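> have a look at this prediction, sequence included:
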Amino acid sequence: MTRLFRPLTLALALCTAAQAAPIELAVTTLDGATFDLAQQRGQWVVINYWATWCGPCIKEMPELDELDHARTDLVVLGLAFEETTPEDLEAFLKQRPVRYPIAVVDVYAPPKAFAVPKGLPTTHLVAPDGSLAKSFLGPVTRADIEKAIAAAAVD
């Protein structure tokens with residue numbers, strides 16, 4: 001009987017270890033810098049997939065910007081998930097400025113760190129250890145993110 005449970009126990013341990021592995025993501029932001037998730041360990045990271053044509057995305061940008069600057073233990077990264085040029089995106093951001101970094105991602109080859117968004121906005125909250133704490137599909141508020149952080153801290 002023990003022989004039967006050993007492979008099952010090993011498989012379960014491997015699955016648990018895979019789920020706990022830190023997320024790997026590195027993108028080039030509009031200012032030419034590299035945003036590397038591994039360099040953000042110790043902080044909460046909000047990764048927000050958005051597009052210039054997405055009304056709810058545009059609406060949440062000021063609140064995400066405020067959150068990014070209100071908390072020293074949190075950073076926000078915007079991932080523009082649309083076919084656009086950096087120049088067009090920079091022109092858009094002149095009209096709706098945010099202080100957090102923005103990167104354009106290829107809709108045909110998005111970062112493998114997360115599943116392809118099923119809708120926009122899609123926001124991922126990454127814990128200080130690099131693991132995924134929570135994902136949101138649809139608009140998110142500062143209160144939603146802070147509630148998720150508080151809930152994760154209790155776990």
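Alright, I've got the coordinates.

> now Glu66, nearest residue through space, not along the chain?
Excluding the flanking residues, the one nearest Glu66 by CB to CB, 6 or more residues apart in numbering is Arg142, at 6.6 Å. No exception for glycine: its C-beta is placed from N, CA and C like everyone else's.

> hmm, I typed the wrong one, I wanted His69.
Closest to His69 by CB to CB, 6+ apart is Arg99, at 6.3 Å.

> host element of that neighbour?
Under DSSP states H and E, no helix or strand contains Arg99.

> can you list the weak-confidence ranges in the chain?
1-20 (pLDDT under 70).

> all strands of it, in order?
26-28, 34-36, 44-50, 74-81, 102-105, 122-126, 132-137 (DSSP state E).

> now do the contacts for the residue nearest in space to the middle of the chain.
Central residue of the chain (CA atoms, centre = their mean): Ile47, 2.1 Å from the mean position. When contacts are counted by CB atoms under 8 Å, 6 or more residues apart in numbering, Ile47 touches 25, 76-77, 79, 114, 123-126.

> and the gap between the nearest residue to Asp31 once chain neighbours are set aside and Ala143?
Spatial nearest neighbour of Asp31, excluding adjacent residues (CB to CB, 6+ apart): Pro101 at 7.1 Å. Separation of Pro101 from Ala143 (CB to CB, to the nearest Å): 23 Å.

> Pro111 now?
Counting by CB to CB - Pro111 and Ala143 are separated by 27 Å.

> next, the contact list for the residue nearest to Asp31, please.
Per CB under 8 Å, 6+ apart, neighbours of Pro101: 29-31, 33, 35, 76-78.

> let's see that with 10 Å instead.
Counting by CB atoms under 10 Å, 6 or more residues apart in numbering, Pro101 touches 27-31, 33-35, 68, 75-79.

> ditto for Asp68
Applying CB under 10 Å, 6+ apart, the residues contacting Asp68 are 46, 74-78, 98-101, 142.

> out of the residues you listed, who has the most neighbours?
Gly78 (29 neighbours; other CB atoms under 10 Å).

> correct me, but Ala26 touches Lys112?
No - with contacts counted by CB atoms under 10 Å, Ala26 stays clear of Lys112, the gap being 11.2 Å.
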